[in-house]
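Novice: model this:
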Amino acid sequence: MSLIELKSFNAVAIAGGFVRAAELLHRSQPTVTAQLRALEKRYDVELFFRSRGQLAQLTPIGRQLFETTRTLFQLAKDALAVLDGVRNMAHATLRFGVIAPRSAMTLVGDYARRHPDVHIEMRIGNSAQILQWLRSYEVDVGILGAHERDPMLYLRRFATPEIVLLAAAGRHYGGDGRLTREAFAGATLILREAGSETRALIEDALQRHG
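Specialist: Okay, the predicted model is just below:
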């Protein structure tokens, strides 16, 4: 059995005759007839009741096979439609993984304006999670604070944000408005979760400065 023979059978079943099936397939009528006969001979079955001058009528086994081939070739059409849609960017999806929406909005907004037909998805996580998503192909682009090199990934710096410490208004940690080591040691520090690049950078800076 070959897909070519099945395609000929499917076309005859849809068209109700060999001549029309040949037109649908852009083949000659003798070719379609020969392919169908080869299929019937190989499995010793009769797929159509043949009556001169009448439409080709499916036998019971022919109807059963047609249910399968109709689904088979419709799925093939659907697959081609998906691929054509991606080529034309009509059904394309671009998946972003970001450490914070604010860091991505300008970049994503510019892309969306240039490619309005592309569907954009966004997932939020820390740097370690986004790197894992990239390595496992769960996202296409990651916007994160990573500075490590990875041979699997193309990395490009597009911003150098400043990391700052925030304190509640009205708190007095030092006479000149500066936060002393003593006051800092007694303060509660709220950090990002483990795996956050921001947290790692802060911890490295604190370690360096004792």
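
Novice: please make it C-alpha for all contacts and neighbour counts, starting now.
Specialist: OK.

Novice: how about the strands in this protein?
Specialist: 48-49, 57-58, 93-98, 119-124, 141-143 (DSSP state E).

Novice: the spatially most central residue of the chain pairs with what?
Specialist: Nearest to the geometric centre of the chain sits Thr93, at 5.9 Å (Cα atoms, centre = their mean). Beta bridges link Thr93 to His119 when assigned by DSSP bridges.

Novice: ok, it - contacts?
Specialist: Shown in contact with Thr93 (Cα atoms under 8 Å, 6 or more residues apart in numbering): 118-121.

Novice: from those residues, pick the one nearest Tyr137.
Specialist: Glu121 (13.7 Å; Cα to Cα).

Novice: sorry, back to before: point out the most buried one among the strands of the chain.
Specialist: Comparing the strands of the chain by mean neighbour count (mean count of other Cα atoms under 10 Å), strand 141-143 ranks first with a mean of 22.

Novice: pLDDT of that one, averaged?
Specialist: For strand 141-143, the mean per-residue pLDDT is 90.

Novice: just name whatever secondary elements it is in contact with.
Specialist: With contacts defined as 3 or more Cα pairs under 8 Å, 6 or more residues apart in numbering; DSSP states H and E, strand 141-143 has these neighbours: strand 93-98, helix 127-135.

Novice: try it again at 6 Å.
Specialist: When contacts are defined as 3 or more Cα pairs under 6 Å, 6 or more residues apart in numbering; DSSP states H and E, strand 141-143 packs onto strand 93-98.

Novice: now the angle from the strand it packs on to helix 127-135?
Specialist: Inter-element angle recorded for strand 93-98 and helix 127-135: 160 degrees (by axes from the mean of the first three to the mean of the last three Cα atoms, to 10 degrees).

Novice: quick one: strand 93-98 to strand 119-124, angle?
Specialist: Going by the same axes, to 10 degrees, strand 93-98 makes 20 degrees with strand 119-124.

Novice: where does pLDDT dip in the chain?
Specialist: Counting by pLDDT under 70, the low-confidence segments of the chain come to 1, 52-54, 85-91, 146-148, 169-177.
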